[in-house]
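Undergrad: Sequence plus the predicted model coming up.
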Amino acid sequence: MAADFAHRVKLNVDLFFRYLRTGIEPGEDDTADMVRLAVERVRDGAAVTDVLDAPFMLNLFGKPVGQ
């Protein structure tokens, strides 16, 4: 579980720094892995609200990933 969390955080941090370098907001393709991981968490029994409220599921603009 800790490794999975670290992977999700790394994805978000990578997107953040890429945005800082390029000035381009992450698109749907860029966040696909994070969305897939969130769906897996829900399928594993996590509450949808817990998954969506997790800090790593908010992009650098404070919006849920994929929006």
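TA: Everything's here; your move.
Undergrad: mind listing what's buried in the helix or strand hosting residue 7?
TA: For residue 7, the host element (DSSP states H and E) is helix 2-22. Buried residues in helix 2-22, defined by neighbour count with 16 or more other Cβ atoms under 10 Å: 8, 11-12, 15, 19. Just so you know, the C-beta spots here come from the backbone N, C-alpha and C atoms, and that holds for glycine as well.
Undergrad: Remind me what that helix packs against, helices and strands.
TA: Where contact means 3 or more Cβ pairs under 8 Å, 6 or more residues apart in numbering; DSSP states H and E, helix 2-22 is packed against helix 32-43.
Undergrad: how about residue 29, phi and psi?
TA: Dihedral pair for residue 29: phi -60, psi -40, per degrees, to the nearest 10.
Undergrad: Let me know the pLDDT of residue 63.
TA: Looking at residue 63, its pLDDT is 61.
Undergrad: just residue 3 next, same as before
TA: 69.
Undergrad: do residue 47 as well
TA: Reported pLDDT for residue 47: 90.
Undergrad: Adding distance to residue 41 and pLDDT, write the buried residues of helix 2-22 out as TSV.
TA: Shown next, in TSV, are the buried residues of helix 2-22 (distance: Cβ to Cβ, whole Å; pLDDT from 0 to 100):
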residue	distance to residue 41	pLDDT
8	9	78
11	14	83
12	14	81
15	18	86
19	24	89
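Undergrad: Those residues: which two are farthest apart?
TA: Put simply, by Cβ to Cβ the two of the buried residues of helix 2-22 set farthest apart are 8 and 19, 17.1 Å from each other.
Undergrad: Give the helix, strand or coil label for residue 45.
TA: coil (DSSP: H, G, I helix; E, B strand; the rest coil).
Undergrad: gap between it and residue 37?
TA: For residue 45, the distance to residue 37 equals 14 Å [Cβ to Cβ, to the nearest Å].
Undergrad: which one of those two has more residues nearby?
TA: residue 37 (18 against 6; other Cβ atoms under 10 Å).
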